[in-house]
Each structure stands twice: as C-alpha cells, then as structure tokens.
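Visitor: Generate coordinates for the sequence data below:
(one chain, ligands or ions: 1)
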Amino acid sequence: MKKLAIIGASGNGKVVADIAVKNGYEEIVFLDDNENIYCCGEYPVVGKSSDAEKQDADIIVGIGNAGIRKRIQETIKNAKIATLIHPNATVADDVIIGEGTVVMAGVVINSGTSIGKGCIINTCSSVDHDCRVGDFVHIAVGSHLCGTVTAETETWIGAGVTVSNNVSICRKCIIGAGAVVIKNVEESGTYVGVPARKVNMESKAVELGGYFSTHKIENIIQYVWAA
Ligand SMILES: CC(=O)SCCNC(=O)CCNC(=O)[C@H](O)C(C)(C)COP(=O)(O)OP(=O)(O)OC[C@H]1O[C@@H](n2cnc3c(N)ncnc32)[C@H](O)[C@@H]1OP(=O)(O)O
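Guide: The predicted model follows:
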C-alpha cells in the first residue's frame, strides 16, 4: 500500500493530502509537533516531525513557512521524500522539479523552467518559460512569474503577485500580496505595491504563511531562516 506521512497538520497540509490521494497514495498520516492536534481533515496525527524517519512511508513537509520546511526536509533522507503534482496542473515535459515540492491545482509551468526542492507552487499560479525557482520558495495562490524570472531560495511570492519577465528576486524576500515586481530585487526584505518597493516592516506584526506572528518581522525572519 502506498503510504505518505505529511509533516504539518495545517490547511496547507490538508491540500497536500488531497493531491497525494490524486497521486495514488492509499494511506495518509500526519506528523505534527503540536500535541493538541489529533487529526487533519479525515487523517490522523500519529506522531511528531522527529518521528518521520520511523515511518514506513514516503514523507513530505506540508508546512507553509519556508525556514521550517527547509529545516525539517533537510533532516530526512532524499529517498523518502515525495514530490507531488496535482493532475490538473500543466507542466511542460522538460521542467525539472526538486524533491519535496508540491505543485497545486491549476498551476502552469512552462518549458525550460527549473523548480527547486521543497517548494510550494500554489493554486492557479504560473511560472513561465526559462524561470529558475530556488529551493523552498513559495509561489502563493494566483501569482505569475513571466518568462526568464529567477526567484532565489526561501523567497515567498505572495498571493496575486506579478513578476515581469527577465527579473531576478534574491533569496529570503517577501513579496506582499498583489505586488508587481518590475526590476531586480537585490536585497533581502519585504516588498509591496505597484511597482514593488522595499518597506520597513520592523514595527509591524507579520504572518509568514499563517504560522507566525510577531511585532519584529526582521527578528522572526532571522530566527526562522537561521534555524
Ligand atoms: C493558500 C494561501 O493562503 S497562500 C498564502 C497567501 N498569503 C499571502 O500572499 C499574504 C501575503 N502577505 C502580505 O502581503 C502581508 O501584508 C505582508 C507580509 C506584506 C506584510 O504583513 P504585515 O507585516 O502584517 O503588514 P501590516 O498588515 O502590519 O501592514 C503594514 C503596512 O504595509 C501595508 N501593506 C501590507 N501588505 C501590503 C501589500 N500586500 N501591499 C501593499 N501594502 C501592504 C499596510 O497597509 C500597512 O500600511 P500602513 O502602515 O500605512 O497602515
């Protein structure tokens, strides 16, 4: 029986479970470090993230936060890590997709593109020709990367973002929902608006993929990305 253990009993994990079923997984369990969570949707939580290697199952990290996803995925042997592509995603034949990446429903990934490991290519986003998406990047719902875009490791492209063709975004950036990125982003940080500009969110609360809240965004980014 094809079994998958998903780390992270969350909304994102629930979506990952649905895609796993559509990829032929017959048994699904969750692992989560919060002892008060017993199930995710219809599936049981059977242990903690540290129990991953003990599972007689393929494993995928379904946690939205890039830093945590990276830290956990890197403790797991590559041979056990699943890669999931929703059957209603359109992916060109020559696209390279790294282990632990999830491609969700309605996504289009065009020819010549490479997607790193541990990425989330979220619902109805598109990554056009010759793009390079680094490891642990999240392309959120409804975002569009035009041709020959680079998004470096651990960057989070928010919902409904457009990145113009030939633009590069450096590592560990947050591009706020609805932004339009028209020139290279060469310094890590938070960028919002049309056109996207760097903003200082230091005194503001932020939710990174819905998992963290703090009044010091830079502190939590450093904590998560250093972890
Ligand atoms: C399936 C899924 O759900 S996938 C998840 C998809 N989720 C997303 O894409 C969410 C993306 N997150 C955002 O865009 C957030 O607003 C962030 C990360 C850019 C900033 O979050 P916070 O630090 O909490 O910012 P906060 O809400 O305090 O706003 C700070 C200021 O920036 C402005 N601001 C925040 N986000 C944006 C944005 N996307 N575009 C323009 N301005 C923005 C606010 O209006 C506010 O301005 P003010 O100080 O003049 O009042």
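Visitor: which non-adjacent residue is nearest the spatially most central residue of the chain?
Guide: Geometric centre of the chain, nearest residue: Ile120, 2.8 Å, by Cα atoms, centre = their mean. Nearest non-adjacent residue to Ile120, counting by Cβ to Cβ, 6 or more residues apart in numbering: His138, 4.4 Å away. Where C-beta positions appear, they are placed from N, C-alpha and C, glycine not excepted.
Visitor: Against Trp156, how distant is the one you found?
Guide: According to Cβ to Cβ, to the nearest Å, His138 stands 5 Å off from Trp156.
Visitor: Neighbour count: these two, which is higher?
Guide: Neighbour totals were compared for His138 and Trp156, and His138 leads with 27 against 23 (other Cβ atoms under 10 Å).
Visitor: what separates the biggest helix by length in the chain from the chain centre, distance-wise?
Guide: As assigned by DSSP state H, the longest helix anywhere in the chain is helix 11-22. Distance of helix 11-22 from the chain centroid (Cα atoms, centre = their mean, to the nearest Å) equals 13 Å.
Visitor: Does anything pack onto it? Which helices or strands?
Guide: strand 3-7, strand 27-31, strand 39-40, strand 84-85, strand 102-103 (3 or more Cβ pairs under 8 Å, 6 or more residues apart in numbering; DSSP states H and E).
Visitor: The ligand: which of these is closest?
Guide: strand 102-103 (11.6 Å; Cβ to the nearest ligand atom).
Visitor: packing partners for the closest one?
Guide: By 3+ Cβ pairs under 8 Å, 6+ apart, strand 102-103 packs against helix 11-22, strand 84-85, strand 120-121.
Visitor: Which element is encountered next along the chain beyond the last one?
Guide: Read in the C-terminal direction, the helix or strand following strand 120-121 is strand 126-127, with elements assigned using DSSP states H and E.
Visitor: Could you spell out the sheet neighbours of that next one, each with its direction?
Guide: Sheet partners assigned to strand 126-127 using DSSP bridges are listed as strand 108-109 (parallel), strand 144-145 (parallel).
Visitor: Can you tell me what sits against that strand?
Guide: Outside strand 126-127, the residues that touch it by Cβ atoms under 8 Å, 6 or more residues apart in numbering are 107-110, 113, 115, 121, 133, 139, 143-145, 149.
Visitor: Kind regards, and thank you for your time.
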